[in-house]
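Participant: build me a structure from this.
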Amino acid sequence: MADLRIQILASGSKGNALLVWTDNTCIMVDAGLSGKAITEKMKFSPVDPGDVDAILVSHEHIDHVRGIGVLSRRYNMPVYLSEGTLTSLPKSVGEIKNYRIFRRGRKFTVGDISVQPFSLSHDAEEPVGFVLSGDGKKIALCTDLGMVTELVKVHLRYCNLIVVEANHEVDLLMNGPYPWELKQRIRSRLGHLSNEESIALCREVYHCDLHAVCFAHLSEINNSPERVRSHINGLREDGRWKEVRLFIADQYEPTGVITI
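Facilitator: Numbering: from 1, shown residues only. Got it, this is the predicted structure:
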């Protein structure tokens with residue numbers, strides 16, 4: 001069987017981008033740094049910018065779309081996004097001539113990778129997560145959501161690798177420097193998942209063919225890798241999780257290539 005590979009180039013409020021690829025197809029999911037910054041980060045990847053067959057966009061917030069216009073124009077990459085996301089893009093993204101509209105809940109393919117977009121609860125126009133499938137293997141990408149719905153659980157339940165948001169530790173957020181209105185937004189149904197909520201979701205969707213989980217979109221103010229690791233240690237106390245590879249994505253350093 002062919003391998004499905006993933007590498008997270010950057011993850012956090014300052015910009016998000018990741019790559020998923022097979023031997024024949026490469027997809028970038030979000031491009032929330034400048035085109036130059038993403039190109040620089042890809043020097044630490046076995047994938048070159050010219051190898052990317054498409055960019056998928058989860059939603060229109062600038063930390064997910066900052067570089068999509070530049071990259072699409074420079075490398076003629078088609079950009080796949082929903083109608084609501086397209087109409088809500090910041091003007092700074094610039095013109096995108098090569099775009100394809102998808103609908104939430106409807107599968108489509110890019111090369112030999114099947115893409116299933118599914119709805120998330122976030123303060124954007126049509127936010128989505130993605131399940132990417134190839135040769136019987138499945139990767140779920142699920143960040144920027146304020147609550148875990150049954151739909152989210154359904155899509156994550158039988159994936160072999162999950163990238164899931166672990167945005168904040170509740171006590172750090174509530175006792176931290178953010179204005180009260182922002183704290184309320186983050187904790188709302190349209191905000192972001194806490195560490196506790198992320199771990200609870202992982203426990204609920206565990207199955208024997210889950211090979212890896214990557215915790216992503218950590219807040220630099222309201223979270224830390226050490227806090228997430230403490231939750232991971234608790235997860236590992238359940239013997240079922242000892243064989244699951246657990247990673248933490250970083251804002252500044254790309255992960256290694258994770259293969260399933």
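Participant: going forward, measure contacts between C-alpha atoms and count neighbours the same way
Facilitator: Will do.
Participant: and Met1, what pLDDT?
Facilitator: Note on Met1: pLDDT of 50.
Participant: swap that for Pro46, please
Facilitator: For Pro46, pLDDT reads 97.
Participant: repeat that for the one 10 residues further on.
Facilitator: For Leu56, the model assigns a pLDDT of 98.
Participant: that one contacts Gly32, doesn't it?
Facilitator: No. Taking contacts as C-alpha atoms under 8 Å, Leu56 lies outside contact range of Gly32: 11.5 Å.
Participant: mind listing what's buried along the helix or strand containing Arg229?
Facilitator: Element membership of Arg229 [criterion: DSSP states H and E] is helix 225-236. In terms of neighbour count (16 or more other C-alpha atoms under 10 Å), helix 225-236 has its buried residues at 225, 228-229, 232, 235.
Participant: which one among the residues you listed gets closest to Asp51?
Facilitator: Of all the buried residues of helix 225-236, Pro225 has the smallest distance to Asp51: 31.5 Å, by C-alpha to C-alpha.
Participant: show me what contacts the closest one?
Facilitator: 218, 248 (C-alpha atoms under 8 Å, 6 or more residues apart in numbering).
Participant: which stretches of the stretch 101-250 of the chain form helices?
Facilitator: 150-156, 170-174, 180-187, 195-205, 225-236 (DSSP state H, counting those that start in this stretch).
Participant: do you know which of those lies nearest Asp51?
Facilitator: Using C-alpha to C-alpha as the measure, helix 150-156 is the one of these that comes nearest Asp51, at 27.7 Å.
Participant: what mean pLDDT does that closest one get?
Facilitator: Helix 150-156 comes out with an average pLDDT of 98.
Participant: so for that helix, what gets flagged as buried?
Facilitator: Buried, per 16+ other C-alpha under 10 Å, within helix 150-156: 152, 155-156.
Participant: output the contacting helices and strands for whatever helix or strand Lys36 lives in.
Facilitator: Following DSSP H and E, one finds Lys36 within helix 35-41. For helix 35-41, the contact count by 3 or more C-alpha pairs under 8 Å, 6 or more residues apart in numbering; DSSP states H and E identifies helix 68-75 as packing neighbours.
Participant: just list what the helix it packs on packs against, helices and strands only.
Facilitator: helix 35-41.
Participant: beyond the helix it packs on, next helix or strand please.
Facilitator: Where DSSP H and E defines the elements, the next helix or strand beyond helix 35-41 is strand 54-56.
Participant: so what strands line up beside that next one?
Facilitator: strand 26-31 (parallel), strand 79-81 (parallel) (DSSP bridges).
Participant: deepest of those, which one?
Facilitator: Stretch with highest mean neighbour count among the strands paired with strand 54-56: strand 26-31 (a mean of 26; mean count of other C-alpha atoms under 10 Å).
Participant: with just CA atoms, put it into CSV.
Facilitator: The C-alpha trace of strand 26-31 is given here as CSV (Å, rounded to 0.1, in the frame of the first residue of the first chain):
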residue,chain,number,x,y,z
CYS,A,26,0.5,17.0,-2.9
ILE,A,27,-2.0,19.2,-1.2
MET,A,28,-1.3,22.3,1.0
VAL,A,29,-4.0,22.9,3.5
ASP,A,30,-4.2,26.7,4.4
ALA,A,31,-1.4,29.1,3.7
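Participant: now the angle from that strand to helix 68-75?
Facilitator: Here strand 26-31 runs at an angle of 150 degrees relative to helix 68-75 (axes from the mean of the first three to the mean of the last three C-alpha atoms, to 10 degrees).
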